[in-house]
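Student: Based on what follows, work out the 3D shape:
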Amino acid sequence: MGSKNKGTELFSSKLGLILSVLGIAVGTGNIWRFPRIAAQNGGQEGAGAFLVAWICCLFLFSIPLIIAEYGIGRHGRKGVVGSFIKLVGKKYAWMGSFIGFVATAIMFYYSVVAGWCLYYLIESITSSLPANIQQAEAVWYGFQGSAWPSVFHAVMMGLGGFIVVKGISSIERINKVLIPSLLLVVVISLIRAVTLEGSGQGLEYLFTPDWSMLSEPSLWLEALTQNAWDTGAAWGLILTYGAYMRAKDDVTISAFQTGIGNNIVSLLAAMTIFATVFGTLGSTMGNGEILDIMKTSGPASTGLTFMWMPQLFNEMAGGTVFAILFFLGLTFAAFSSLLSMIELASRVLVDMGFPRKNATIAICVTGFFLGMPSAISTDILANQDFVWAVGLMVSGAFMSFAIIKFNPDEFRRQIVNNEESKVQLGKWWTVIIKYVVPVEVISLLVWWIYLSITSYAPESWYNPLSAFSVATIAVQWGIAMGVFYLYNGKIAEKTIAADKN
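Tutor: Residues are numbered from 1 along each chain as shown. Take a look at the predicted model:
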């Protein structure tokens, strides 16, 4: 277990563990990104085929990786780097470091987006809702042109640090409030949305499958990307919380609860948004026009959430209350995920022997400064989102590599199926981790590179200064990997030495 000062606390209950991990999994990806991706991947009849592919990806990618993360974390009882060293040896400390860095790089701009959510929550409480798209855009561009995004980014990093500095018991306590409140908000919002006239059309579109779409490879790749993004699989966050898991908490059951619970929240959020958009616009527009609105992502993918939703709330009775609930839910979702990112980075430093207080303050101050470019420019934020969201694919590859190197059958028998396991993890998992996940990861990476060359940045894919180019990814990943590879020995030494002190 390591030395006494290492914070060997564990989650106090199974509920605390699951709510905290749902806090990781349920983030803006579920509420902000999922409905838009579903609309973009709908066929003529509906988006049901996308949902089928997305649920398949939950069982063929996300849950197997979540099982791996819980197992690696509980076995290692350390953060990403320390647990990686324990599993596959100090030679691979750089891989754990890269996984940790990808999640931390996401934290830099995720805090900015969490700040937007908080700003819009306050805005919906204190101001009247925008009556049309011009007013909504005026609010958005006015906000982006001011110092407020930076201020709210600082507030979110500060609040997050305040909770994380006290350790896992503090994170568990706040998630026991945040996550049930979030679920309540989502359910109330859904009930209100489905009572709108015309909302049925939206739900019908969401759930009607256009089966011919399943033959499109891009649908499967989008479904896989979305599921990896909204469950938090392979980010290293679940691994970090897994380090605080009690020996008697079943890894397999916990992973299924996490993955399925997350997808249920995504579906409820999508139902709410489809019902709201169709319910408020259905009387004046046809399905095609409504879907166009849902697909437009706007600057840094903000269109639907921050520009259209506030004015749609304005159209309905009691819309202000609904707007407050919507942005409250979004803020809670973003904040609970942000906490896990701060904890991941802080825990890596704690494992190297830094006191938790110093580690957390260092991470939050660094996070504030390195997130500032994204707070100032949505173009930089969009670039960072592109680079590091694709970086999660590499994290997934490194996770499955570590398990394959260790031996998937041994991992399953020794680490996952311990003597207290209620459910024995079967051989199917070995097959998925060994063969299916690597194929998925390679397909996704090739697909992203292909998209960058053909549609995101066809003129400038070789230019590292172009926001969505292959070169910008290669340069940023290359620098991070190069640094960790170069300092692999030092990182490993420091982590192992701290354990002996």
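Student: Report the contact partners of L214.
Tutor: A49, V52, A53, W220 (C-beta atoms under 8 Å, 6 or more residues apart in numbering). Quick note: C-beta positions are derived from backbone N, CA and C, even for glycine.
Student: how about 6 Å then?
Tutor: Contacts here follow C-beta atoms under 6 Å, 6 or more residues apart in numbering; on that basis L214 touches A49.
Student: Spell out the secondary structure type for it.
Tutor: helix (DSSP: H, G, I helix; E, B strand; the rest coil).
Student: From W229, how far out is it?
Tutor: Applying C-beta to C-beta, to the nearest Å, the value for L214 to W229 is 21 Å.
Student: And L19, by the same measure?
Tutor: Applying C-beta to C-beta to L19 and W229 gives a distance of 21 Å.
Student: repeat for A68
Tutor: 18 Å.
Student: ok, those two, which is more surrounded?
Tutor: Remark: of A68 and W229, A68 carries more neighbours, 32 against 21, as counted by other C-beta atoms under 10 Å.
Student: Excluding covalently adjacent residues, which one is nearest to K90?
Tutor: A492 (3.6 Å; C-beta to C-beta, 6 or more residues apart in numbering).
Student: Let me know the helix or strand that that neighbour is in.
Tutor: helix 488-500 (DSSP states H and E).
Student: Now that helix: average pLDDT?
Tutor: Helix 488-500 comes out with an average pLDDT of 93.
Student: Ok, stretch 343-353 next?
Tutor: 97.
Student: got the contact list for that stretch?
Tutor: 78-79, 81-82, 100, 103-104, 164, 236-237, 240, 356, 359-360, 363, 494-495, 498.
Student: residues of the helix holding A492 that come out buried?
Tutor: N488, I491, A492, K494, T495, I496, A498, D499 (16 or more other C-beta atoms under 10 Å).
Student: looking at it, the residue nearest to K90 is touching A93, isn't it?
Tutor: Yes. The pair A492 and A93 qualifies as a contact (C-beta atoms under 6 Å) at a distance of 4.0 Å.
Student: So for these two, which residues contact both of them?
Tutor: Common neighbours of A492 and A93 (C-beta under 6 Å, 6+ apart) are I85.
Student: Check the burial of Y141 by counting its neighbours.
Tutor: What Y141 shows, counting by other C-beta under 10 Å, is a neighbour count of 12.
Student: got a list of contacts for the helix or strand hosting it?
Tutor: Taking DSSP H and E as the criterion, Y141 maps to helix 133-144. Helix 133-144 has contacts (C-beta under 6 Å, 6+ apart) with P130, F306, M307, P310, Q311.
Student: and those as TSV, adding pLDDT?
Tutor: Formatted as TSV, the contacts of helix 133-144 follow (pLDDT from 0 to 100):
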residue	pLDDT
P130	93
F306	86
M307	84
P310	90
Q311	86
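Student: If you rank those residues by neighbours, which is first?
Tutor: That'd be F306 among the contacts of helix 133-144, by other C-beta under 10 Å, with 27 neighbours.
Student: M157 and F369 touch, don't they?
Tutor: No. Between M157 and F369 there is no contact under C-beta under 6 Å: 9.7 Å.
Student: Who has more neighbours out of the two?
Tutor: Neighbour count, other C-beta under 10 Å: between M157 and F369, M157 has more, with 26 against 11.
Student: Whatever helix or strand the more buried one lives in vs helix 133-144, what angle?
Tutor: Here M157 sits within helix 148-164, counting by DSSP H and E. Relative orientation of helix 148-164 and helix 133-144, computed by axes from the mean of the first three to the mean of the last three C-alpha atoms, to 10 degrees: 60 degrees.
Student: pLDDT on helix 148-164, on average?
Tutor: 98.
Student: Contacts for it, please.
Tutor: 111-112, 114-115, 118-119, 170, 174, 338-339, 342-343, 346, 360, 364, 367-368, 371, 375.
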